[in-house]
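**Q** Here is a sequence with its predicted model. Questions after.
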Amino acid sequence: MVQRCLTTLSASERQALEVKISDYLLFRNEVDTFLSDHFSNLCTKKCYQNKLSACCSREGIITFFGDMVVNTLVSCNKEINALVEVLQKSNTGFKCIYLGNNGCMWRVKPIVCEMFLCEQAKKEVFMEKAWAEDAWEELKQRKKLYTWPDRPVLFDDLERYFMDAGYSSPLMYLHNSPGLLRVKQLGTSP
Ligand code: SF4
């Protein structure tokens, strides 16, 4: 749906959307750098190489509509088509359907996946580097500035943008979830 809508935009409209997400992409780069500096080695050795990929083996992931928009804006059609293609297949295994041979198939993976660290990994890393735990907490707070609707946030804007264009999706949680609507109404922090 996002891919279809993007093809109807003029170059300047698309560019305006790209500008809208640019700050968020910088944030995601910072998160990537943090994770690759502190967790990459551990997760690759302990989980990915032995094919466990436990964090991608949970029974369900939460994907926001904003995740879809961001990823579609930064991906080429071939990458998005590959995601659509795996969705047509039934998932007979215990792993997320988007987990390909080279890791996650999303170019900018869903924010919930990006910010998930298992307890064991956190314990191992943060025991040695307490300052890294502070940095991680700060990144988690910053995440909310894009996703948590106790104030105007990017993920809410992106849903509104597509709704105004006539699209609707059950993944538009910031406009559909009773809990998040209440947060919006009351302006409460989690
Ligand atoms: S979307 Fe990507 S990161 Fe998230 S669970 Fe699936 S494979 Fe893992």
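**A** Nice, I can see it.

**Q** Could you check how far the residue lying closest to residue 48 once chain neighbours are set aside is from the ligand?
**A** Counting by Cβ to Cβ, 6 or more residues apart in numbering, residue 48 lies nearest to residue 103, which is 7.4 Å off, once chain neighbours are set aside. C-beta coordinates here come from the backbone N, C-alpha and C atoms, glycine included. According to Cβ to the nearest ligand atom, to the nearest Å, residue 103 and the ligand sit 7 Å apart.

**Q** In terms of pLDDT, where does residue 103 sit?
**A** With respect to pLDDT, residue 103 scores 88.

**Q** and if you look at residue 51?
**A** On the pLDDT scale, residue 51 gets 73.

**Q** Number of residues surrounding it?
**A** For residue 51, the neighbour count with other Cβ atoms under 10 Å is 7.

**Q** Check which helices and strands the helix or strand that contains residue 17 is in contact with.
**A** In the assignment (DSSP states H and E), residue 17 maps to helix 11-38. Counting contacts by 3 or more Cβ pairs under 8 Å, 6 or more residues apart in numbering; DSSP states H and E, helix 11-38 is packed against helix 65-74, helix 111-114, helix 130-147, helix 154-164.

**Q** Could you rerun that using 6 Å?
**A** Identification of packing neighbours for helix 11-38 by 3 or more Cβ pairs under 6 Å, 6 or more residues apart in numbering; DSSP states H and E yields helix 130-147.
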